[in-house]
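Student: Test case, fold it:
(2 chains)
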Amino acid sequence: MTASGISAGGVALHLDGVRREFGNLVVIDHFDLHVEAGEFLAILGPSGCGKSTLLRMIARLAPPDGGTIRLEPDTGRFQTSFVFQDAHLLPWRTVLDNAALPLELMGVTREERYLKARHELERIGLGDATDRYPAQLSGGMRMRVSLARALVTTPRLLLLDEPFAALDEITRYKLDLQLRALWRERGITVIFVTHSISEAAFLANRAVVMARRGGGIKLDRRIELPERRDEELRLDPRYGQEMNALLQAMEEE
Amino acid sequence: MKPLKSAIPALIPLIAVTAAAEFAVRQGFVRAYLVPAPSSVLRAMLQDSNELLRAIAATSFSAVTGFLLSTVIGIAIAVFLSSSRGIQRAFYPYAVFFQTVPIIAIAPLLVIWFGYGTQTVVASAFVVSIFPVIANTLSGILSTEPALRDLFRLYGASTWVTLFKLRFPAALPQILTGLRVASGLAVIGAIVGEFIGGQGLGSVVDIARTQQRVDKVFAAVLLASVLGLALFGLINLVSYLTLRRWHVSEQS
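Tutor: Purely as a prediction, here's the structure:
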């Protein structure tokens, strides 16, 4: 079964021969990656392997120095959303105004953007926190606001850069489940950069392990686990096998 | 009631020092023409209250006008400097240089340019108080988090939108720190300006000095400090009102 079977709102992504350098340092070179519409892809790799650089290029926040990055179908701007490490909310804005920010910047009317932001916040379980300020929220709640902000534009591609790394494990599990659920509901394409092997195996339908600086992809593996991912999966021997395969790829030099 | 209670520790040394000074002067430990007794300072304030009130009004006007000019022009200069690294390299050193020129040395120049009167005093208050506004605003604007800049770019925000919706609010705590420093400096600048070419607390001090009226000098100096404190308190109030919901500096 391929992930595209359940997709409706996703977009395919094609990276061909992508190259990125900082001065003399080549961070990414000859990089090819093809992601199907509606896929949930996890990207693993050591620090400094260019994972974050790759995400920024896909989001068009930085141009590649060589090669091409294509979305298919490409319906113009604003089909990509980005969730950063830590929630990165604007502390002087309420939860509602934070969630509505992308639409505000895109020029959507106040009425419409509040409607959509309220809707997203309700879906993620923050319907009664709309008037609060980020300083009054827990880390997990802040990250959920960040997710709502990313989803408010109904993106077709969601990029996440180690989003839950700073959270405690329980909160992280809960958010993993929530992210997986919203991916299944909406069928959007998700690319999730993480340091955590267990998180990658738990969430993704496919995992890519990147090599050290400029070395390309060491492992590209389909995660053969049931579609339904919950606490029981963590006891499933197949889950252990997937984690082991990813771990081995991470460890080999 | 709470602010009143928290002021008590600060009042104790004030009362103690005042009482000690009164005692020292009355007992003849300190000559009254060097340090006046607090009671005679109070008497001077009451006796010359009309003159002092006019002086404090004039100094307040000049200091506040100079401070407001510093705020507006300082922030505008910081925005200009923040627009590119090249512009910063070209102009920022001059801002720093400007800051190191002692006001007392250029005050006569201000008199030549603006003549005797309020303009010179305002210019003096402005010149000494603008630099902390520039420096703090610039550093605040430049330290916007890269991830947030990315977020604004992702959704197509223009430079101006990013400035007003992200960089300014994010820099606000630092801008207010700059304004706090600038408010005190503006009062000093106004007094210095009045020494050389204006009417106000500064000229009262200068004239009282030549008349050997140490009590009046003290009265004017005291009022100048009160003016500085009042301005500082005003900025603190603005800071509290704008930051209390979101910034750690105003939460406890």
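
Student: Could you check how far the residue most central in space within chain A is from A:T189?
Tutor: In chain A, the C-alpha nearest the mean C-alpha coordinate belongs to A:L160, at 2.7 Å (C-alpha atoms, centre = their mean). In this view, A:L160 and A:T189 are 12 Å apart by C-beta to C-beta, to the nearest Å. (Glycine included, C-beta is placed from N, CA and C.)

Student: Quick check: A:D29 is in a helix.
Tutor: No. A:D29: not assigned to a helix; according to DSSP: H, G, I helix; E, B strand; the rest coil it is strand.

Student: which regions of the chain sit below the pLDDT cut-off?
Tutor: Chain wasn't specified; assuming chain A. Along chain A, the parts satisfying pLDDT under 70 run over A:1-8, A:253.

Student: that's the wrong chain, I wanted chain B
Tutor: Within chain B, the segments meeting pLDDT under 70 span B:1-3, B:251-252.

Student: can you rerun that using 90?
Tutor: Low-confidence segments of chain B, defined by pLDDT under 90: B:1-11, B:14, B:25-37, B:83-85, B:92-108, B:196-199, B:212, B:242, B:244-252.

Student: what residues does it put near chain A?
Tutor: When proximity is defined as C-beta under 8 Å from any C-beta of the partner chain, chain B approaches chain A at B:145, B:147-148, B:150-157, B:161, B:165-166, B:169-170, B:172, B:245-248, B:251.

Student: Buried ones among these?
Tutor: Using 16 or more other C-beta atoms under 10 Å in any protein chain shown as the burial test, those include B:148, B:150-152, B:154-155, B:157, B:165-166, B:169-170, B:172, B:245-247 as buried.

Student: So which of those residues are in strands?
Tutor: Among those, no member is found in strands (DSSP state E).

Student: Which residues are in contact with residue 92?
Tutor: All of this refers to chain A. A:133, B:169, B:172, B:245-247 (C-beta atoms under 8 Å, 6 or more residues apart in numbering or on different chains).

Student: Oops, wrong one, chain B.
Tutor: B:81, B:138.

Student: List phi and psi for it.
Tutor: B:Y92 has phi and psi values of phi -60, psi -40 when expressed as degrees, to the nearest 10.

Student: was I right about B:E145 contacting B:A171?
Tutor: No. Judged on C-beta atoms under 8 Å, B:E145 makes no contact with B:A171 at a distance of 11.5 Å.

Student: State whether A:G17 is indeed within a strand.
Tutor: Yes. Assessed by three-state DSSP, A:G17 belongs to a strand.

Student: isn't it right up against A:D65?
Tutor: No. The criterion here is C-beta under 8 Å, and A:G17 misses it with A:D65 at 10.8 Å.

Student: So if I had to pick from the two, which one is more boxed in?
Tutor: More neighbours surround A:D65 than the other of A:G17 and A:D65, with 15 against 12 (other C-beta atoms under 10 Å in any protein chain shown).

Student: now that one: how far from A:H34?
Tutor: 20 Å.

Student: Same check on A:L203?
Tutor: Distance of A:L203 to A:H34, given as C-beta to C-beta: 20 Å.

Student: can you check A:L158 too?
Tutor: 18 Å.

Student: More neighbours: which of these two?
Tutor: A:L158 (23 against 13).

Student: Setting aside sequence-adjacent positions, which residue approaches the more buried one most closely?
Tutor: Nearest non-adjacent residue to A:L158, counting by C-beta to C-beta, 6 or more residues apart in numbering or on different chains: A:V190, 4.8 Å away.

Student: Tell me if that neighbour really is in a strand.
Tutor: Yes. The assignment for A:V190 by three-state DSSP puts it in a strand.

Student: Just grab the bridge partners of it for me.
Tutor: Beta-bridge partners recorded for A:V190 (DSSP bridges): A:F40, A:L158.

Student: From what I see, it and A:W183 are in contact.
Tutor: Yes. Counting by C-beta under 8 Å, A:W183 is a contact partner of A:V190 at 5.2 Å.

Student: what's the overlap in contacts for the two?
Tutor: Contacts common to A:V190 and A:W183, judged by C-beta under 8 Å, 6+ apart, are A:40, A:158.

Student: For these two, work out which one has more neighbours and name it.
Tutor: Neighbour totals were compared for A:V190 and A:W183, and A:V190 leads with 27 against 24 (other C-beta under 10 Å).

Student: List the contacts of the more buried one.
Tutor: A:V190 touches A:39-41, A:157-158, A:160, A:179, A:183, counting by C-beta under 8 Å, 6+ apart.

Student: ok, and for the strand or helix carrying B:Y240, which residues are buried?
Tutor: According to DSSP states H and E, B:Y240 maps onto helix B:214-243. Buried residues in helix B:214-243, defined by neighbour count with 16+ other C-beta under 10 Å: B:214-224, B:227-228, B:231-232, B:235, B:239, B:242-243.

Student: got the contact list for B:T59?
Tutor: So B:T59 contacts B:121, B:187, B:190-191, B:194, B:200-202, B:224, B:227 (C-beta under 8 Å, 6+ apart).

Student: repeat that for 6 Å
Tutor: B:190, B:200-201 (C-beta atoms under 6 Å, 6 or more residues apart in numbering or on different chains).

Student: Select from these every entry located in helices.
Tutor: Among the contacts of B:T59, the ones falling in helices (DSSP state H) are B:190, B:201.

Student: which among the contacts of B:T59 gets closest to chain A?
Tutor: Closest approach to chain A among the contacts of B:T59 (C-beta to the nearest C-beta): B:A190, at 33.1 Å.

Student: Let me know how buried the closest one is, in neighbour terms.
Tutor: 35.

Student: so it sits right up against B:T65, yeah?
Tutor: No. Proximity of B:A190 to B:T65 does not meet the contact threshold set by C-beta atoms under 6 Å, at 8.9 Å.

Student: Tell me the secondary structure at the closest residue to chain B within the stretch 101-250 of chain A.
Tutor: Nearest residue of the stretch 101-250 of chain A to chain B: A:L105, at 3.9 Å (C-beta to the nearest C-beta). The three-state assignment at A:L105 reads helix, by three-state DSSP.

Student: got a list of what it touches?
Tutor: By C-beta under 6 Å, 6+ apart, the residues touching A:L105 are B:155, B:157.

Student: hang on, the earlier thing: between the contacts of B:T59, which sits nearest A:G240?
Tutor: Minimum distance to A:G240 across those is 75.1 Å, recorded for B:A190 (C-beta to C-beta).

Student: May I ask you to name the longest helix in the chain?
Tutor: All of this is about chain A. helix A:169-186.

Student: right idea, wrong chain: chain B
Tutor: Longest helix in chain B, counting by DSSP H: helix B:49-82.

Student: which parts of that helix are buried?
Tutor: Neighbour-count burial for helix B:49-82 [16+ other C-beta under 10 Å]: B:52, B:55-56, B:58-60, B:62-67, B:69-71, B:74-75, B:77-78, B:81-82.

Student: repeat for stretch A:32-49
Tutor: For stretch A:32-49, by 16+ other C-beta under 10 Å, it's A:33, A:35-45, A:49.

Student: follow-up on the earlier one: who touches the longest helix of chain A?
Tutor: For helix A:169-186, contacts defined as C-beta under 6 Å, 6+ apart pick out A:9, A:40, A:140, A:164, A:190, A:202-203, A:229.

Student: Turn the buried ones among the residues you listed into a named PyMOL selection, would you?
Tutor: Here is the PyMOL selection string for the buried members of those, based on 16+ other C-beta under 10 Å:
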select buried, chain A and resi 9+40+140+164+190+202+203+229
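
Student: Just flag the most distant two among the contacts of helix A:169-186.
Tutor: The widest separation within these (C-beta to C-beta) is 25.8 Å, between A:G9 and A:G140.
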